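Enquirer: Here is the input, now give the coordinates:
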Amino acid sequence: MFGISEIPKLPLSTFVENVKIAKHIQILETFTDLANNDILFEKFSEAIKEALRGDSRIEILLIHPESEAAKQRAEELSRAIKPIKDVPELIQKTLARFYRLETEKVGKDKIGTLEIKLYDAFPTIAMHKWDQEAYISFYPVNQRSDEAPNLKVSTLTTFGSYAASKFDELWNEDSAIPLSSYMRLRVEVQGEPEELLYYAFENTNRQALYASCKFKDNFFSALEREKLCIVSFGKDKYEAEHTTLRLLDEKLQAIELINKRYDWKEREKYIDSDPRVFQIKLLKKKTN
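Expert: Below you'll find the predicted structure:
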């Protein structure tokens, strides 16, 4: 069929080469080896930087790890031909590495744009698009989309145009949020400007979390003075109380969780070598 051909699996290395020269790149995925494979991530990072120097527009949509869609996909892949039991960890690693790419992409020669959002709908396709061409997969129940047969399509065809429109629908959904709003904790303390902290939940009940950053002295003093604060992540906002962790074992446990969440290789770039760490307990969700 004109403009459509089937290939055995997604050729990620070829896609990376296409990214370098494309003017408009869109990716719709749950998790991806473009982030999780060390070699591919290094090549993809360089391709993104090269594309941004060439005034490209890059839009990436990734599944929200706490959505029902993510839970369903994890369940499907746990029963796959080659079962994958660590889907939540794979999703989180993809988010961590793409967030690092997003925040560290800025350079003097960058003139393009890179935006990354999270979606929470049940996806019908995975898509890797560059300009007017794309690789499309239909999320097979028993297989990863990148290891299943893909269609290479032109977006000038009816089907290709339809697939591209699915991306635009998810991108413009009210429930879609910037990746940055999920990856950083926004903390408000009376009398001080909002501060962004790195954080990780203490356990699966998600009622308490650990948070740290390179604190400004004024903000740290305010946290020491005021025991109540307002914290936000994603679209959720909570009244919360906080305490400073002072016992070494508690601090080390908290730092380990934060480090794992962000997949840091050089932690001191983000938090101090002997960081101040807070335990924050969520009290009440705010409705406005």
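
Enquirer: When you work out contacts or count neighbours from here on, use the C-alpha atoms and nothing else.
Expert: Fine.

Enquirer: Low-confidence bits of this protein, can you list those?
Expert: Confidence mapping of the chain against pLDDT under 70 gives the ranges 1-2, 105-109, 288.

Enquirer: mind listing what the residue nearest the centre of it touches?
Expert: Closest residue to the average C-alpha location of the chain: residue 95 at 2.7 Å, with C-alpha atoms, centre = their mean. Residues in contact with residue 95 (C-alpha atoms under 8 Å, 6 or more residues apart in numbering) are 62, 179.

Enquirer: What helix or strand is it located in?
Expert: Residue 95 is located in helix 87-104, with elements delineated by DSSP states H and E.

Enquirer: Okay, buried residues for that helix please.
Expert: By 16 or more other C-alpha atoms under 10 Å, the buried positions in helix 87-104 come out as 87-88, 90-102.

Enquirer: Stretch 258-271 too?
Expert: 258-263, 271.

Enquirer: Tally up the residues packed near the closest residue to residue 43 other than its chain neighbours, please.
Expert: Distances taken as C-alpha to C-alpha, 6 or more residues apart in numbering put residue 16 closest to residue 43, at 7.2 Å, once the chain neighbours are dropped. Residues near residue 16, counting by other C-alpha atoms under 10 Å, number 21.

Enquirer: hang on, residue 16 in a helix?
Expert: Yes: the assignment for residue 16 by DSSP: H, G, I helix; E, B strand; the rest coil puts it in a helix.

Enquirer: one step back: of the buried residues of helix 87-104, which is the nearest to residue 23?
Expert: residue 102 (17.5 Å; C-alpha to C-alpha).

Enquirer: residues contacting that closest one?
Expert: 114-116.

Enquirer: was I right about residue 258 contacting residue 197?
Expert: No: Residue 258 lies out of contact with residue 197 (C-alpha atoms under 8 Å); the separation is 10.4 Å.

Enquirer: any common contacting residues for these two?
Expert: residue 211.

Enquirer: secondary structure class for residue 241?
Expert: Taking three-state DSSP as the rule, one finds residue 241 in the strand state.

Enquirer: hey, what's it bridged with?
Expert: Counting by DSSP bridges, residue 241 is bridged to residue 228, residue 281.

Enquirer: Might you report the residue contacts of it?
Expert: 227-229, 280-283.

Enquirer: what would the buried residues of stretch 258-271 look like in TSV with secondary structure and distance to residue 172?
Expert: Shown next, in TSV, are the buried residues of stretch 258-271 (DSSP: H, G, I helix; E, B strand; the rest coil; distance: C-alpha to C-alpha, whole Å):
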residue	secondary structure	distance to residue 172
258	helix	31
259	helix	32
260	helix	31
261	helix	27
262	helix	27
263	coil	29
271	coil	34
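
Enquirer: can you pull out the strands in the protein?
Expert: 4-7, 24-29, 57-63, 113-119, 126-130, 133-137, 150-154, 177-178, 185-188, 195-201, 208-212, 228-233, 236-244, 278-285 (DSSP state E).

Enquirer: Now distance to residue 69 too, for the ones you listed, in TSV please.
Expert: Formatted as TSV, the strands of the chain follow (distance: least, C-alpha to C-alpha, whole Å):
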stretch	distance to residue 69
strand 4-7	26
strand 24-29	12
strand 57-63	8
strand 113-119	9
strand 126-130	13
strand 133-137	17
strand 150-154	21
strand 177-178	15
strand 185-188	23
strand 195-201	21
strand 208-212	24
strand 228-233	19
strand 236-244	19
strand 278-285	23
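
Enquirer: wait, which of the ones you listed is closest to residue 70?
Expert: Proximity to residue 70, assessed across the strands of the chain by C-alpha to C-alpha, is greatest for strand 57-63 (6.4 Å).

Enquirer: now for that closest one, which elements pack on it?
Expert: When contacts are defined as 3 or more C-alpha pairs under 8 Å, 6 or more residues apart in numbering; DSSP states H and E, strand 57-63 packs onto strand 24-29, strand 113-119.
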